[in-house]
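Trainee: Just to be clear, the model below is a prediction. Sequence and coordinates:
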Amino acid sequence: LNVTEDIARTLASTLDVGSSTCIKLANISMTVMKKQLSDNTSSEWEAGDIKVNLPDQSNIAQEDSSVTVSFTSYNNLGSLMKVKDDIRSPVLSVNVVKNHNQKRSIPLTKPIEYLVHHRPFKKVRKRKCVYWDFKYSAWSQDGCYTLRKQSTISTT
């Protein structure tokens, strides 16, 4: 996932405000977009089984009030990872591209929303919303939760 951030930063350096670029491979899809910060708007992305909505907020903007975000989905990353839990959906990476001296994690004032289609559950199971915590090299659920009312047998 560190490589994703490096690629996103490199691609972002080539973008003008109001533009985006996409990379689509067999199991990886990435979009890097750069836009002007605006009230009541968001950065939205859809790829295959995933929809993402990141509301604009001042703490993700650059000094010039632009917002640069990369969205990447990995369709087979879960099968390559050595984890005890069953990963039923693509693995998603969302990076806010800011100056190099920024912290790795940016506290959001408005939540990012994901809609993920996954392989159906045969039994009722508790769904987990997790992210990779680079500081601890482990999955974390801190600040992440699922919306049960919007979940179905194959959507979380």
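Mentor: Sure thing, it's come through. Residues are numbered from 1 along each chain as shown.
Trainee: ok, which stretches of this protein are strands?
Mentor: 19-24, 28-36, 42-47, 50-55, 66-74, 91-96, 113-116, 131-133, 138-140 (DSSP state E).
Trainee: out of the ones you listed, nearest to Ser105?
Mentor: strand 131-133 (8.3 Å; C-beta to C-beta). Where you see a C-beta, it was placed from the backbone N, CA and C, and this is true even at glycine.
Trainee: Name the residues that touch the closest one?
Mentor: 1, 138-140, 142, 144 (C-beta atoms under 8 Å, 6 or more residues apart in numbering).
Trainee: With mean pLDDT added, can I get the strands of the chain in JSON lines?
Mentor: What follows is these, written out as JSON lines (pLDDT from 0 to 100):
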{"stretch": "strand 19-24", "mean pLDDT": "95"}
{"stretch": "strand 28-36", "mean pLDDT": "93"}
{"stretch": "strand 42-47", "mean pLDDT": "89"}
{"stretch": "strand 50-55", "mean pLDDT": "89"}
{"stretch": "strand 66-74", "mean pLDDT": "90"}
{"stretch": "strand 91-96", "mean pLDDT": "84"}
{"stretch": "strand 113-116", "mean pLDDT": "82"}
{"stretch": "strand 131-133", "mean pLDDT": "75"}
{"stretch": "strand 138-140", "mean pLDDT": "79"}
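Trainee: and those strands, which is most packed in?
Mentor: strand 66-74 (a mean of 23; mean count of other C-beta atoms under 10 Å).
Trainee: So what are the sheet partners of that strand and their directions?
Mentor: strand 28-36 (antiparallel), strand 91-96 (antiparallel) (DSSP bridges).
Trainee: Tell me the gap between it and the middle of its chain.
Mentor: Its chain's C-alpha centre and that of strand 66-74 lie 7 Å apart, by C-alpha atoms, centre = their mean, to the nearest Å.
Trainee: tell me, how many neighbours does Asp39 end up with?
Mentor: 8 (other C-beta atoms under 10 Å).
Trainee: distance of the closest residue to Val130 other than its chain neighbours from Ile28?
Mentor: Closest residue to Val130 apart from its sequence neighbours, by C-beta to C-beta, 6 or more residues apart in numbering: Trp139 at 4.4 Å. The spacing between Trp139 and Ile28, counted by C-beta to C-beta, to the nearest Å, is 20 Å.
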